[in-house]
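[1] Show me how the following folds:
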Amino acid sequence: MGVTLTAATRSTMCDALVDLLDVGGAGSIEFNTAGLVEVATCPLNATAFGAAASGVATMNVSPAVKDTSATGGTTTLALFKTNAGVEKFRCTVGTVGTDIVLTNNVIAATETLDITSLTVTVPAS
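    You can find the predicted model right below:
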């Protein structure tokens with residue numbers, strides 16, 4: 001039998017996870033190629049995520065979370081980092097079937113990458 005987490009436990013774990021990005025100030029989401037070359041970096045505000053409910057933390061996208069002058073390239077990974085640039089967790093990026101879904105994961109140099117919604121989820125088991 002596997003471990004099943006209650007909704008309250010999942011929320012506590014999720015809050016702890018996203019709060020890691022606030023250590024020393026606001027963190028960032030760095031979009032990278034498969035070879036870990038930075039494509040775009042979106043800075044987060046100090047209260048980037050609201051309190052989790054049922055293990056889901058929703059990003060506060062006001063003010064806007066975006067990079068207005070991307071480096072450019074094909075992104076396949078997103079690294080969530082602290083203000084000091086320390087990676088805390090990562091996820092996949094693509095156009096379908098990935099953790100973060102973009103309309104197009106090929107980002108042109110100087111293009112604006114704008115995050116309009118994002119959630120972080122701690123599953124029940």
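[2] Name the single longest strand found in the protein.
    In the chain, taking DSSP state E as the definition, the longest strand is strand 87-94.
[3] ok, the following helix or strand past that strand: who's next to it in the sheet?
    Where DSSP states H and E defines the elements, the next helix or strand beyond strand 87-94 is strand 100-101. Sheet pairing of strand 100-101 (DSSP bridges) gives strand 87-94 (parallel).
[4] if we can go back for a sec, distance from the longest strand of the chain to the middle of the chain?
    7 Å (C-alpha atoms, centre = their mean, to the nearest Å).
[5] now do stretch 9-18
    So, by C-alpha atoms, centre = their mean, the centroid of stretch 9-18 is 15 Å from its chain's centroid.
[6] Can I get it as PDB, trimmed to CA atoms?
    What follows is stretch 9-18, C-alpha atoms only, in PDB (Å, rounded to 0.1, in the frame of the first residue of the first chain):
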ATOM      1  CA  THR A   9      -0.600  17.800   4.400                       C
ATOM      2  CA  ARG A  10      -0.300  18.400   0.600                       C
ATOM      3  CA  SER A  11      -1.000  22.100   1.100                       C
ATOM      4  CA  THR A  12       1.600  22.400   3.800                       C
ATOM      5  CA  MET A  13       4.200  20.600   1.600                       C
ATOM      6  CA  CYS A  14       3.300  22.800  -1.400                       C
ATOM      7  CA  ASP A  15       3.500  26.000   0.500                       C
ATOM      8  CA  ALA A  16       6.900  25.000   1.800                       C
ATOM      9  CA  LEU A  17       8.100  24.100  -1.700                       C
ATOM     10  CA  VAL A  18       7.100  27.400  -3.300                       C
END
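[7] residues contacting residue 102?
    75, 93-95 (C-beta atoms under 8 Å, 6 or more residues apart in numbering). In this view, the C-beta of every residue, glycine as well, is placed from N, C-alpha and C.
[8] quick one: which of the residues you listed has the most company?
    residue 75 (26 neighbours; other C-beta atoms under 10 Å).
[9] Find me the pLDDT at that residue, would you?
    Among the per-residue scores, residue 75 shows a pLDDT of 96.
[10] Confirm for me that it is in contact with residue 32.
    Yes - under the criterion of C-beta atoms under 8 Å, residue 75 makes contact with residue 32 at 6.3 Å.
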